[in-house]
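**Student:** From the sequence below, what's the structure:
(one chain, ligands or ions: 1)
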Amino acid sequence: MPKLQTKMMAALVTVMLLLTLVITLASLLSLREFSIRAATEHTRTAAEITLVALTESMVNGTIHTRDSFLQRIAHVEGLDSVRVIRGPLVEDQFGHGLLEETPGDAIDHAVLINGEAVYTLSGGYLSPYFRATLPYIASSQGEVNCLSCHAVPENSVLGAVTLTASIEPMRQAALITVFFLVLAVLAFALLCLFFLKRLLNPLVLTAQEIQAAVDQASAGHFDLRLQPRSQDEIGSIAESFNRLTAGINQKLSEIRSNVAHLVMTQPSQQGDLLAETAQTVAGLVKVAKFKQAIEEDEHISEVYQRISDVLQEEFLLHTFSIYEVDAQQKRLITVNVDGIAQAPTYWCSADINEHCRACRAVRTGHRIDGIDHTSLCRSFADEARKEESSYLCLPILQAGGVGCVIQLVLSAEEQARIPTQLPLIEAYLREAAPVLQAKSLMASLKESTLNDAMTGLRNRRFLEEYSESLMSQCKRRESAMTLMMLDLDYFKTVNDTYGHDVGDHILIDLAHIFLAQVRDSDLVIRYGGEEFLIILLDTPAAAGEKVAEKIRLAVEEHQFKAGHQLINKTLSIGLADFPHDGQAFWQVLKFADVALYTAKDQGRNRVIRFTPELWLSKEKY
Ligand SMILES: Nc1nc2c(ncn2[C@@H]2O[C@H](COP(=O)(O)OP(=O)(O)OP(=O)(O)O)[C@@H](O)[C@H]2O)c(=O)[nH]1
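**Tutor:** Residues are numbered from 1 along each chain as shown. Here you go, the predicted model:
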């Protein structure tokens, strides 16, 4: 039984029991009082009558028949016995009376001595009776003058009359009365219980339903409704509660579906609506903070690092790669592996670096889910397969194409939890996409200002920006570098003879020849017009001279297209090295230039290494 109902019922039963007890006790006490009073009056009246009758007998001279009179009196309904006691004064005057007229007990003696009536209840619980012992007082007053017969003083005690009356009938009547009274009270109590239960029922059931609804609400479900059970305040509580929960449910569902829309998930029908929504909102707040952070980052590499941090810290994913698509070169650049920037490709075959279309995510622009089909993408590294990992590759779309690919390499445990994490991971990537696009655009814009549009080589601006870092790099590594100035011989005649377009193509061919002759780490710069600068890193001038000679020969042997003809061109090269020839970059560059002009001066198509004497005679140039 519900607690409230039990408590109310218990309280009512207790009250009713106490009431019954009080009524019973009060009834018993008052009935007892009433019985004693009634018995007192009854016996006193009977005793008075007996006294009067005895007086009459004495006056009439029939006192000797008092025995049969007393026996008749004793048969009167309600009386048990009647006895007359002769006092000592009467005995003195008239001698002993009948045998039973002697005082029987202490009460008789007391009444004879004191002259005062005594009323007592005796006989115990089983056979109770009421006894009245009244004195017979001698009086000369009244209708009969006692002193005319009795030679005793006025008001002296002549004798006493003792009557006993059983009070059993009265007691039984009282008990029956109390019994019915108790019955009535109990019936009333039952009636009260019945009505109380009926009254409490809607309250208790509504309270139970509220309890169940609150329990469900605590678990995130707000769809339980209460049944209005009465037309009073309880019914209106149920209706108000229903309105409240329906309102909360509707608003929460709206918030949940809007939030789910933001992270592109289906709101779950079973889950904890409130907890899920709070969790998703917390996730979205983090996504918003992430977006703000990456927008304020200066370099695209910082954005990649933040994506890597999010994967590790927010999603506890520790094996992954981030690839950047180089759309022009159609290559994939591995920018992060397992949180380490610029690490070599590990989780995919190196083919993808050379041919970005080898990456299925780049080719299709779709998420590549290898969880169930590891062989879906052939480029997934064999080492990773051996580790029984699987992969999920998420392309980040930028300007209509794939700009980046996030490759998650997942253990069995990670595969199990990735479906719940994926919507939020994708929310992060969606926010990152425009920022990556803007940053990569900025980077390529900056890059374009550092490149020569025609040949694709670095330009003089690049040199201005990076000369300092080149120098400090050299100093740090304590290595030498050779600066080589190159200039085509008689290029003007090409322009003049074949036109500028031919001249341009020759310059482009020349750039390819230079790139083919030097290491990837060396820098080939179009310094201006038909003049080029090649910086050979970690190369002193002695080694640089050999490279210069190789280049000179390659150009000399190359046949350039000039319309329908093939022509040969030569070039002159001057070189100087750091730190041997000078301690400042621009100074060494100047020395290389001086050497170049010496080469021109000495007949062209040659390599001249700078010497201090050349500088002394520089005025010549
Ligand atoms: N087609 C073309 N010509 C260029 C370009 N930049 C510079 N030139 C030309 O290169 C020629 C350089 O001529 P000069 O400085 O007289 O030298 P040169 O004719 O090469 O003779 P030397 O350097 O003395 O051997 C000029 O005619 C420029 O117009 C370019 O981007 N394209």
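
**Student:** Residue 119: helix or strand, and which one exactly?
**Tutor:** strand 118-122 (DSSP states H and E).

**Student:** now that strand, how far from the centre of its chain.
**Tutor:** 82 Å (CA atoms, centre = their mean, to the nearest Å).

**Student:** and that strand, what does it pack onto?
**Tutor:** helix 3-60, helix 106-114, strand 129-137 (3 or more CB pairs under 8 Å, 6 or more residues apart in numbering; DSSP states H and E). The way it works is simple: take the backbone N, C-alpha and C, and place the C-beta from them, glycine included.

**Student:** average pLDDT across the following helix or strand past the last one?
**Tutor:** The one in question is strand 129-137. Once strand 129-137 ends, the next helix or strand along the chain (criterion: DSSP H and E) is strand 157-166. Computed over strand 157-166, the mean pLDDT rounds to 89.

**Student:** Given strand 157-166, what are its sheet partners and their directions?
**Tutor:** strand 81-86 (antiparallel), strand 129-137 (antiparallel) (DSSP bridges).

**Student:** Tell me how many other residues crowd the residue of the stretch 201-350 of the chain at minimum distance from the ligand.
**Tutor:** When scored by CB to the nearest ligand atom, the stretch 201-350 of the chain has residue 328 as its residue closest to the ligand, at 21.7 Å. Neighbours of residue 328 under the rule other CB atoms under 10 Å: 8.

**Student:** same thing with the one 4 residues further on?
**Tutor:** Applying other CB under 10 Å, we find 29 residues neighbouring residue 332.

**Student:** List the contacts of it.
**Tutor:** Contact analysis of residue 332 by CB atoms under 8 Å, 6 or more residues apart in numbering lists 323, 324, 325, 326, 352, 353, 356, 358, 359, 362, 405.

**Student:** What are the contacting residues of the strand or helix carrying residue 405?
**Tutor:** Using DSSP H and E, the element containing residue 405 is strand 401-410. Here strand 401-410 makes contact (CB under 8 Å, 6+ apart) with 307, 311, 317, 319-325, 327, 332, 347-348, 359, 361-362, 365, 371, 384, 389-398, 414, 418, 425, 429, 433, 436-437, 440.

**Student:** near the ligand, which residues of this structure?
**Tutor:** Within the chain, the positions adjacent to the ligand are 487-492, 495, 500, 503-504, 507, 529-530, 600, 604 by CB under 6 Å from any ligand atom.

**Student:** run the last query once more with 8 Å
**Tutor:** Contacts of the chain with the ligand, taken as CB under 8 Å from any ligand atom, map to 454, 487-496, 500-504, 506-507, 528-530, 572, 600, 604.

**Student:** Buried only: go through those residues for me.
**Tutor:** 487, 488, 489, 491, 494, 502, 503, 506, 507, 530, 572, 600 (16 or more other CB atoms under 10 Å).

**Student:** Could you measure from residue 18 over to the ligand?
**Tutor:** 117 Å (CB to the nearest ligand atom, to the nearest Å).

**Student:** Report the closest residue of the stretch 451-600 of the chain relative to the ligand.
**Tutor:** For the stretch 451-600 of the chain, CB to the nearest ligand atom, closest residue to the ligand: residue 503, 2.4 Å.

**Student:** Could you say which helix or strand holds that residue?
**Tutor:** Residue 503 belongs to helix 500-517, assigned by DSSP H and E.

**Student:** got it, and residue 539?
**Tutor:** Per DSSP H and E: nothing holds residue 539, as it lies in no helix or strand.

**Student:** Give me the three-state assignment for the residue lying closest to it once chain neighbours are set aside.
**Tutor:** Counting by CB to CB, 6 or more residues apart in numbering, residue 539 lies nearest to residue 482, which is 4.9 Å off, once chain neighbours are set aside. Following DSSP: H, G, I helix; E, B strand; the rest coil, the label given to residue 482 is strand.

**Student:** Would you confirm that residue 482 contacts residue 573?
**Tutor:** No. In this structure residue 482 lies outside contact range of residue 573 using CB atoms under 8 Å: 10.6 Å.

**Student:** helix or strand right after the one helix or strand in the chain whose mean pLDDT sits lowest?
**Tutor:** Here the helix or strand of the chain ranked lowest by mean pLDDT, DSSP states H and E is helix 382-386, holding a mean of 75. Tracing the chain past helix 382-386, the next element assigned as helix or strand by DSSP H and E is strand 390-398.

**Student:** Just the buried positions in that next one, please.
**Tutor:** Under the neighbour-count criterion of 16+ other CB under 10 Å, strand 390-398 has 390, 391, 392, 393, 394, 395, 396, 398 buried.

**Student:** In CSV, list these along with pLDDT.
**Tutor:** Listed next are those as CSV, based on pLDDT from 0 to 100:
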residue, pLDDT
390, 91
391, 93
392, 95
393, 95
394, 96
395, 96
396, 95
398, 86
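
**Student:** Would you map the helices across the stretch 151-300 of the chain?
**Tutor:** Using DSSP state H, counting those that start in this stretch, the helices of the stretch 151-300 of the chain run over 168-218, 233-263, 273-296, 300-313.

**Student:** let me redo that: the stretch 301-450 of the chain
**Tutor:** 351-354, 360-364, 382-386, 412-450.

**Student:** Helix 300-313 and the longest one, what's the angle between them?
**Tutor:** Calculated by axes from the mean of the first three to the mean of the last three CA atoms, to 10 degrees, helix 412-450 forms an angle of 170 degrees with helix 300-313.

**Student:** Please spell out which residues along helix 412-450 are buried.
**Tutor:** 414-415, 418, 421-433, 435-437, 439-440, 450.

**Student:** In the protein, where is pLDDT below threshold?
**Tutor:** 1-2, 267-270, 618-621 (pLDDT under 70).

**Student:** Let's check: the centremost residue of it is which one?
**Tutor:** Central residue of the chain (CA atoms, centre = their mean): residue 275, 5.5 Å from the mean position.

**Student:** so what's the spatially closest residue to that one that is not a sequence neighbour up against?
**Tutor:** In this structure, residue 275 finds its nearest non-sequential neighbour in residue 220, 5.3 Å apart by CB to CB, 6+ apart. Counting by CB under 8 Å, 6+ apart, residue 220 makes contact with 271, 272, 273, 274, 275, 276.

**Student:** 6 Å instead, please
**Tutor:** Neighbouring residues of residue 220 by CB atoms under 6 Å, 6 or more residues apart in numbering: 272, 273, 274, 275.

**Student:** which two in the residues you listed are spaced the farthest apart?
**Tutor:** Spatially, the most separated pair among these is 273 and 275, at 7.6 Å (CB to CB).

**Student:** Is there a neighbour count for residue 366? I'd like the number.
**Tutor:** Neighbour tally, residue 366, other CB under 10 Å: 12.

**Student:** Quick check: phi and psi at it.
**Tutor:** Residue 366 adopts backbone torsions of phi -110, psi 160, taken as degrees, to the nearest 10.
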